[in-house]
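K.L.:
Attaching a predicted model along with its sequence, questions to come.
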Amino acid sequence: MSSLLPFHRAILERIHDPTTSDLLILARGLGLRRIICTMMKVYDTPGSTVLLVNATPEEESEIGEELGIMGCRKPGLRVVGHEIGSKERQSMYLAGGLFSVTSRILVVDMLQGDIPTDRITGMLVLHAERVTPLVLEAFIVRLYREKNTIGFLKAFTDEPEHITSGMSPLKNIMKELHLRTVHIYPRFQEDIKKTLERRRADVIELSQNMSESMADIHHAIIQCMTATLGELKRSNSTLDVDDFSVENAYFRSFDVVVRRQLDSVWHKTGPKTKQLVTDLGILRRLLLYLLTYDPFQFHAYLETLIATNTVTVMGVKQNRSPWMISDAAHVIFEVAKRRCYVVSSTMRAAQVEEEDDDDELWNTVDEITGEVGETRPKWLPQGVEPVLEELPKWNLLADILEEAEADILQMESLRKPSASPGSNVVLVMASSTRTCTLISEFLSTRDASAAKGSQARPMMMHKLRLYLWWKRKLSERKQDGLPGFALPDSSGHGGPNQGYERMYGGKEGISAALQRKDKEKAERAASRRRVRGGAPAAAESSKRPTSVQAATALGTIRSEANSIADFWAAQSTDDLDAALALALEDKTLVNFESMEFESEFDSNYGLLVPQQTVLVRPYSNDSDDRMLAELQPRFIVMYEPNMDFIRRIEVYRSSNPGLSLRVYHMIYGNSCEEHKYLAGIRKEKDSFQRLIKERATMVLPIFEERAANSRGEAIIKTISTRIAGGRREVTTEPAQVIVDMREFRSTLPSLLHASSILVIPATLTVGDYILTPDICVERKSLPDLISSFNSGRLYTQCELMSVHYKHPVLLIEFEEDKAFSLEIVSEIKSHAKPTGKYPPRKNGGPGESEYSSPMLQSKIVLLMLSFPRLRIIWASSPHATAEMFADLKANMPEPDPRKAIAIGAEEDPDAGAGVNAAAEELLRCLPGITAKNVKFVTGKIKNVQELCEMSLVEVQGILGIEPGKACWEFMHRGEGKNS
Amino acid sequence: MPPQPAQAPPVVIPTGGGSAIVVSPLQRGNPVLEAIRNVPKEFGDIVCDYQVGRTTGVLFLSLKYHRLHPEYIHTRIEKLGLSYSLRILLVLSDVTEHRDPIRELTKMCLINHITVLVAFSVDEAGHYLATFKQFEHKPPDLIKERVDKDYDSILRSTLTSISKVNKTDVETLRTSFGSFANISRATSDQLQNLPGFGQVKVKNIKNAFEKPIRNNA
């Protein structure tokens, strides 16, 4: 951990005071994490309880690690998740210390009184930009301030771009967090500017042009986007079209803007408009993929797109995206294919008769690809000529690495090791892990002796092979609809028995290799852990022996894999025609393993030899700061532009005086990448300016003691004048609602609490909300409603409610700001989950509407006929629900939590607390598993993977003979017969 | 709907148990009548507006009308008394300020043992009425736990139950791994290498498959 820079210290001095509460807005990349960690360390004194709220799991572990490095170890930051039982949590809170608590659990703990709210010393809220009145964090702060007015609350954000919604976004956030002071630190702030501009890094900006075919595709995609946008404007006269430009469409937020405008009329918009909105998203992604994916992946993605677009759902032919049938799209598909290979059917047919011609042809092919003398691989199908275009940045990267290497050598020869700190690691930064694997694959297989533009040929050949394998499987599926993928295609090709034998042989080899690989992986993980946390210099020596060990193990595996590959190669030459397909499949499988392994090896162990190591990493969040500090690289290659990382480099440079740092900054000229980068900078600057303006004119809210006042009012209201003389005592208990634990993911509990109803969390087996001893409510948002109708869960739930309660109620809750109508149902995907936290899903195109709305209405009718006692509440928003609940509770006795919990809970007492909702949902969808037996199954198995590994008999043992068979067959359909 | 000044309708005594929806003469002129398709209708002297089953009675109320005559529905409910076992108030939501009236109606209906059903268009209302009649004797198999579907759609619905996974991804997963069990075994790296799979998606998939379903702590 490097020392704090002057501006860090200035910020800390202003906000560290534990008696005040502040909001800090810092530009991204300037080390917000460093400030947070320093503050947490300051607060880590015995007897204090400090909570970290709204951190993602990654951030939790990273902050924890960082605190550990800073010397805050015993016990350091403890993460409270659903794995920890409530008793244990209670004692932990009482003991005090630093905690990071999942919001959902914190709310429940606060409501249940498990956490002594009045004794909390302070709270740190991350991602303050996401706080809106509806999120859990606002609920937490409200609960906190209700009981604790002394403790501090510090909120942080480094994403000013997100603070935009509403009239005065900053004020809204501060209101929700009960804050009165805000500190804004953009990059252009005086202190920061002064600190960072004293020492500058040596930056070399490289603008690479796209290759001709890439430029063609790029152009065609832009054309498609313009056309789609135009179409969208034309078909919707109501839209505010000012923001609709191709420039804006580069950004993800564009989808959100369009959806927000369309949401209230979404049910009225035709499938065409919906299709257009989805298409824009796809096109935008294509633009990005064009620059980052290798030609084969890009082409394969396009093919998948086409395949899914032509698919017929439930016998109805879906309408295709308009852009796909345009001329520009044709260009995209054609050129994308031409980047990979050319099919020449006539030439190959002539091969047998005219050998000379063929040779000539070979030469031409070789000339094109720049590979003279290479023989044509056996696995290549007839008539496919590889083109194998490479991404231009690859070559540029190779050049840069050579240059850096030369510089390193030169410096070595000068022999001034003490003069310059830092290691000789060349750090290559890219946007995603996918790009990283691609780069490291390229670097490890690079043929340095080859000419420019063909250095990646070995890798590309490999990719071609993989692609052909994939393509074959895809088309196999298409033709006969057989689920059998890995099944050897014995029909048509001679000698099925032989094929099977080979399968066996291959499988054995593979599984041996797999086992070794697993072992290897574990070993590697162990060694990585050893490395982490230690100073780089110290770690270096300890790493070496491991590497040797690893290398030898690796060598054996590789040779093993190679021998299998060789074996197959030999086999396939024997009778090429018969076994071509088979061998191709198996060989690629083997190769895939070994190849992937190699690349992993390079990215993980590459740093062992410090002289010529190249480390490829994706951009991530603030943890990059620590990586820079640990690695101390002198050469950094930014494979893709990234504003945050440039700032990180500035900070890194400033905190390491005397370090000679060279940065290569790569960018595709005139591409969406460049536009995006520039627009991103502009956007951040604008948002900071807007925030500063708002701060100047802001009317600060004053927080009164809401709790005491309103509660009193509510009690007075409940005294009915009908009861003679208002006989009901004023000491009567406040209105209360029992809420199921799982419901805390939704916004309703927070709103109920806001309307001064006492919310009691409990684990309910029947229903979601218990309003009175007689009224039990099952809440369903629209997507939920559809999915639970489909799965039949709703029927079971209603059945249970009817048995146990006099007034079972189904609450159908629509979303705020969205159309209050069922017709939108046809659009929502059946699996979409309501989070309420994020903007509506963007990808719910009409391609996904499998269930038309009349279907849903019919199901509601059927439900009503089946349960005549069931009442339905139609709520246009969660706010409306809260009002209706209050109505229904008026003059009714309060529910008893103990009774409510006891109802229907015959087994599984610990449900609710630690449930992995995603896994349960997945499990429920499997055939043979119903809402009735899902609890039993979850008790039997650890995770879904375990279920998949079980044998038929074991599964039948859990589910019963018939359902077990159905389930097992579903899971294993499409595998080879011998598995 | 407003009780239209009907000119002495020829009232037919409901035959009972017939296949037709019995319509109260009060509903004459209601556009919803036009929207009831595929089911025969007949006028009859009944306490509700539409008798769509032997024990099912429906009252119809358009919010527009309710705004003008808020007392109307109360008199109707009073008249309804305790007849029918399934009592439905079909509300046509045809105003933009629907929140308060629906809230008020919901409360009233709960007290009077009436189920509210909200339709958002005349066509939808008609569809509801027709469906009630058609489904009168239908067993609830359609909404019970699903029986059997073809492999493809089960696989699709299963995998798309994981957040962020769409249909294209299901196809990709199937082509690359073969079976559900194989997908469950796939490593993060393998998943990451598939086109269209980002870190979040991979994480969601891994969570669903590998994280313990229930933690018995």
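P.N.:
Done, it's in. On a predicted model such as this, the values are computed, not experimentally measured, just so you know.

K.L.:
hang on, A:M698 packs against A:K171?
P.N.:
Yes - counting by C-beta atoms under 8 Å, A:K171 is a contact partner of A:M698 at 5.4 Å. For the C-beta atoms, the positions are set from N, CA and C on the backbone; glycine is no exception.

K.L.:
could you measure the residue lying farthest from the centre of chain B against chain A, distance?
P.N.:
Relative to the mean C-alpha coordinate of chain B, counting by C-alpha atoms, centre = their mean, the farthest residue is B:D189 (43.1 Å). According to C-beta to the nearest C-beta, to the nearest Å, B:D189 stands 6 Å off from chain A.

K.L.:
Using the three-state scheme, assign that residue.
P.N.:
Recorded secondary structure, B:D189: helix (DSSP: H, G, I helix; E, B strand; the rest coil).

K.L.:
What of B:L61?
P.N.:
Quick answer, by three-state DSSP: B:L61 is strand.

K.L.:
Tell me how far the closest residue to chain B within the stretch 701-850 of chain A lies from A:E159.
P.N.:
Residue nearest to chain B within the stretch 701-850 of chain A: A:G792 (3.4 Å; C-beta to the nearest C-beta). Separation of A:G792 from A:E159 (C-beta to C-beta, to the nearest Å): 42 Å.

K.L.:
and those two? which has more neighbours close in?
P.N.:
Neighbour tally, A:G792 and A:E159, criterion other C-beta atoms under 10 Å in any protein chain shown: the higher count belongs to A:G792, 21 against 17.

K.L.:
wait, isn't that one in contact with B:I143?
P.N.:
Yes - A:G792 lies in contact with B:I143 (C-beta under 8 Å); the separation is 6.3 Å.

K.L.:
quick one on the thing from earlier: comparing A:M698 and A:K171, which residue is more hemmed in?
P.N.:
When A:M698 and A:K171 are compared for neighbours, A:K171 comes out ahead with 18 against 15, by other C-beta under 10 Å.

K.L.:
Using the three-state scheme, assign A:R634.
P.N.:
Of the three states, A:R634 takes strand according to three-state DSSP.

K.L.:
Just give the number of residues close to it.
P.N.:
Around A:R634 there are 23 residues (other C-beta under 10 Å).

K.L.:
circling back: how much space separates the residue farthest from the centre of chain B from A:L177?
P.N.:
The gap separating B:D189 from A:L177 is 40 Å, by C-beta to C-beta.

K.L.:
The least confident helix or strand in chain B by mean pLDDT near chain A anywhere?
P.N.:
Using mean pLDDT, DSSP states H and E, the weakest-scoring helix or strand in chain B turns out to be helix B:151-160, at a mean of 79. Yes - counting by C-beta under 8 Å from any C-beta of the partner chain, contacts between helix B:151-160 and chain A involve B:Y151, B:I154, B:L155, B:S157, B:T158, B:T160.

K.L.:
Just give me how far that helix sits from the chain centre.
P.N.:
Helix B:151-160 has its C-alpha centroid displaced from the chain centroid by 24 Å (C-alpha atoms, centre = their mean, to the nearest Å).

K.L.:
So which elements touch it?
P.N.:
Applying 3 or more C-beta pairs under 8 Å, 6 or more residues apart in numbering or on different chains; DSSP states H and E, one finds that helix B:151-160 contacts helix A:917-925, helix A:961-972, helix B:167-177, helix B:180-185.

K.L.:
In chain B, where is pLDDT below threshold?
P.N.:
Applying pLDDT under 70 to chain B flags residues B:1-17, B:145-149, B:214-217.

K.L.:
so whichever residue of the stretch 301-450 of chain A sits closest to chain B is in which element?
P.N.:
Going by C-beta to the nearest C-beta, chain B is nearest to A:Y301 of the stretch 301-450 of chain A, at 4.0 Å. Assessed by DSSP states H and E, A:Y301 sits inside helix A:295-309.

K.L.:
helices and strands around that helix, which ones?
P.N.:
With contacts taken as 3+ C-beta pairs under 8 Å, 6+ apart, helix A:295-309 sits against helix A:271-292, helix A:327-338, helix A:457-480, helix B:167-177.

K.L.:
Could you export the ones you listed as CSV, including mean neighbour count?
P.N.:
Converted to CSV, these look like this (neighbours: other C-beta atoms under 10 Å in any protein chain shown):
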stretch, mean neighbour count
helix A:271-292, 20
helix A:327-338, 18
helix A:457-480, 18
helix B:167-177, 21
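
K.L.:
Go through those helices and find the least confident stretch.
P.N.:
Here the helices and strands packed on helix A:295-309 differ in mean pLDDT, and the lowest is helix A:457-480 at a mean of 72.

K.L.:
Sounds good, over and out.
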